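Trainee: Make a model of this:
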Amino acid sequence: MASSKRTDDEGQPPQRTRSSELPPNMSVTRIVLVGKTGAGKSSSANTILGRDAFRSAGRMSSVTKECSKETGEVGDRQVTIVDTPGLFDTNLPELTVKREIAKCVNMSAPGPHAIIVVIKVGPITREEMSTVQKVEEMFGKDAEKHAMILFTRAEGGIEKMLAEANEEFRQILRRLGNRYHVFNNMEKSDRTQVLELFDKIDEMIKANQDSYYTNYTYQQVDEMLADRERKARDIFEKKMQEKEASLLAKYEEALSALLIENLTLEETVLEKENRIRELERTLRINRDRDLKETKRYFAALLKYARQLIEQIPDFENLEGSIKQYA
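Mentor: The predicted model follows:
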């Protein structure tokens, strides 16, 4: 059964950003963008964040079909955006769609504040109307109460398009409470259009009793992610200890071989001592360098364990999936 949960994220740690960590006391707004390939989802996400965080169809010939997540700052809030490129494209295999939907739910847990359906201005296609209808299928009952439409490529306005829209699309728009916004993604510096979008998102959140969307699935996922994160951390910590022990053993083995090798050299005692001392110093430098890098690598894995776990659907084996990292 779908439900809403009051927004209170101040106790959560800040999400990762590309540049720096955001203040942990900032309010968090989680947004999921859905729509067909070429609608302008990634470009819209980049406009919201004010930087090229996502790969967009307009800039690259090959666009990822995997869900991705980025975090940034807009006004006085922290914004997390989950982009779902081409998730509803009809040419995607069913297993791929299932996997990416699971990742999307993982990345937007404990639930999105806004589900934004991105549609480019022009004649509304059957596929675009299907995308709106699939919001409830993907997220669950009552998800439409947290959804709105974002029209892109609307440099000339959308009045003509809305006036010519068929009754089926008008009904869809009414189901979404007539909530829509317009973006010009060619003008990323126009922050007014971004702030006005968040005004509408805030109104929608208020209409939903100051809540984000959640349901039984999201609640289960949130618990599952926390459990899998703990398990992943245990695995990484164990692997780090094993790697450190292996490096130390390798150093001791190399040191023993060094001493044995130098016993057979025809040199004075002083010359041997100097040679061994210099070789030992080199070995220690290499050992300390390897240990430092190993600790740095695993510290990064531990720090971003949550983001890594979000990439793994719950129906995939955890240990097998993270084996490549450890």
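
Trainee: Tell me which stretches of the stretch 101-250 of the chain form strands.
Mentor: 114-120, 147-152, 180-182, 211-214 (DSSP state E, counting those that start in this stretch).

Trainee: Please produce JSON lines containing those, extended by distance to Q241.
Mentor: Where C-beta positions appear, they are placed from N, C-alpha and C, glycine not excepted. Below are these laid out as JSON lines (distance: least, CB to CB, whole Å):
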{"stretch": "strand 114-120", "distance to Q241": "43"}
{"stretch": "strand 147-152", "distance to Q241": "47"}
{"stretch": "strand 180-182", "distance to Q241": "51"}
{"stretch": "strand 211-214", "distance to Q241": "38"}
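
Trainee: Any regions of the stretch 101-250 of the chain where pLDDT drops low?
Mentor: Applying pLDDT under 70 to the stretch 101-250 of the chain picks out residues 155-157.

Trainee: swap the cut-off to 80 and go again
Mentor: 122-133, 154-161, 163-165 (pLDDT under 80).

Trainee: how about the helices in it?
Mentor: Assigned by DSSP state H, counting those that start in this stretch, the stretch 101-250 of the chain shows helices spanning 126-139, 159-164, 167-175, 191-207, 216-263.

Trainee: Which strand residues bridge the most centrally placed residue in the chain?
Mentor: Nearest to the mean C-alpha position of the chain, by CA atoms, centre = their mean, lies K69 at 2.5 Å. Note on K69: beta-bridge partners by DSSP bridges are V82.

Trainee: Surely it and R306 touch.
Mentor: No: using CB atoms under 8 Å, K69 is not in contact with R306, being 10.7 Å away.

Trainee: rewinding a little: with respect to burial, which of the helices of the stretch 101-250 of the chain scores highest?
Mentor: Of all the helices of the stretch 101-250 of the chain, helix 126-139 has the most neighbours on average by mean count of other CB atoms under 10 Å, namely a mean of 17.

Trainee: who does that one touch, helix- and strand-wise?
Mentor: Counting contacts by 3 or more CB pairs under 8 Å, 6 or more residues apart in numbering; DSSP states H and E, helix 126-139 is packed against strand 27-34, helix 94-108, strand 114-120, strand 147-152, helix 167-175.

Trainee: Output the longest one as CSV, restricted to C-alpha atoms.
Mentor: The one in question is helix 94-108. Extracted in CSV, the C-alpha atoms of helix 94-108 (Å, rounded to 0.1, in the frame of the first residue of the first chain):
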residue,chain,number,x,y,z
GLU,A,94,12.6,-6.8,-20.4
LEU,A,95,15.5,-7.9,-18.1
THR,A,96,17.3,-4.7,-18.7
VAL,A,97,14.2,-2.7,-17.8
LYS,A,98,13.7,-4.7,-14.7
ARG,A,99,17.3,-4.2,-13.6
GLU,A,100,17.2,-0.5,-14.2
ILE,A,101,13.9,0.0,-12.4
ALA,A,102,15.4,-1.8,-9.4
LYS,A,103,18.5,0.5,-9.5
CYS,A,104,16.2,3.6,-9.8
VAL,A,105,14.3,2.6,-6.7
ASN,A,106,17.6,1.9,-4.9
MET,A,107,19.0,5.3,-5.9
SER,A,108,15.9,7.3,-4.9
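
Trainee: how does this structure divide into domains?
Mentor: Following the TED database, one gets these domains for the chain: 27-214, 231-325.

Trainee: Any chance of JSON lines for the helices of the stretch 101-250 of the chain, columns distance to D76?
Mentor: Formatted as JSON lines, those follow (distance: least, CB to CB, whole Å):
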{"stretch": "helix 126-139", "distance to D76": "27"}
{"stretch": "helix 159-164", "distance to D76": "32"}
{"stretch": "helix 167-175", "distance to D76": "31"}
{"stretch": "helix 191-207", "distance to D76": "10"}
{"stretch": "helix 216-263", "distance to D76": "26"}
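
Trainee: Quick check: the nearest residue to E100 once chain neighbours are set aside vs G140, distance?
Mentor: Among residues not flanking E100 along the chain, C67 sits closest, at 5.1 Å (CB to CB, 6 or more residues apart in numbering). Using CB to CB, to the nearest Å, C67 is found at 17 Å from G140.

Trainee: Good, we can wrap up now.
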